[in-house]
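1. would you be able to build a 3D model of this:
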Amino acid sequence: MQVVKINLNRSIHQNSEIFFDDSPMSAMLLALHTNNKIPAPRSLDATIPKPLNVICKKSISFKTTDCYATANELKEDIERWLDDSPVNAFPELVSLRAKRWIRKHQALVATLIAVVLMSAIGLGVVTAIINLNNFELSAANKRESFERAKAVKQVKDVSKLLMSS
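-> Reported below is the predicted structural model:
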């Protein structure tokens, strides 16, 4: 644990001691004190989701143009994030929107996947049956052609015999 003496410039808290541990909150407070700048939460903890990081950055920004106009806007964005809906502060990529839609409609997605797989299997079976029938028809056509050629040859042979006698 790190002990830092901070002069808070208030008569009651003159030379107060504040203790900082290794938590993200302590890192944020220490950075605020030493740099007069609040780091983005995601820079302290990479597991924080991007939309939540943007909400935090927007809520703690020193520039009024970058902040939420009202506390109600902040509340609505937090509620949207908690409901796993798009937040106003974070422009979402199509891939994130698709992942959210899949997560919210798992039964429908599973049904669609099953339908597509069954259709593919059915199409494969039908194609195999058609190919087998085509192979059998081709073999039958070859046999018939052979038999026809054989019959034509026999007719010619008989014709020659009859003509020669």
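2. could you tell me which residues within stretch 73-82 count as buried?
-> Within stretch 73-82, the residues that qualify as buried by neighbour count (16 or more other C-beta atoms under 10 Å) are 74, 77-78, 80-81. Heads up, the C-betas are built off the backbone N, CA and C, glycines and all.
3. ok, residues contacting it?
-> Contact with stretch 73-82 is made by 49, 51-52, 55, 58-59, 68, 86-89, as judged by C-beta atoms under 8 Å, 6 or more residues apart in numbering.
4. for it, what is the average pLDDT?
-> Stretch 73-82 comes out with an average pLDDT of 91.
5. run the chain-centre distance for it.
-> What separates the centre of stretch 73-82 from the centre of its chain is 23 Å, taken as C-alpha atoms, centre = their mean, to the nearest Å.
6. check stretch 70-88 too.
-> Distance, centroid of stretch 70-88 to centroid of chain: 22 Å (C-alpha atoms, centre = their mean).
7. just give me the residue closest to the centre of this structure.
-> In the chain, the centroid-proximal residue (C-alpha atoms, centre = their mean) is residue 99; its distance is 4.3 Å.
8. show me what counts as buried in the helix or strand encompassing it.
-> Element membership of residue 99 [criterion: DSSP states H and E] is helix 94-104. For helix 94-104, the buried set under the neighbour-count rule, 16+ other C-beta under 10 Å, is empty.
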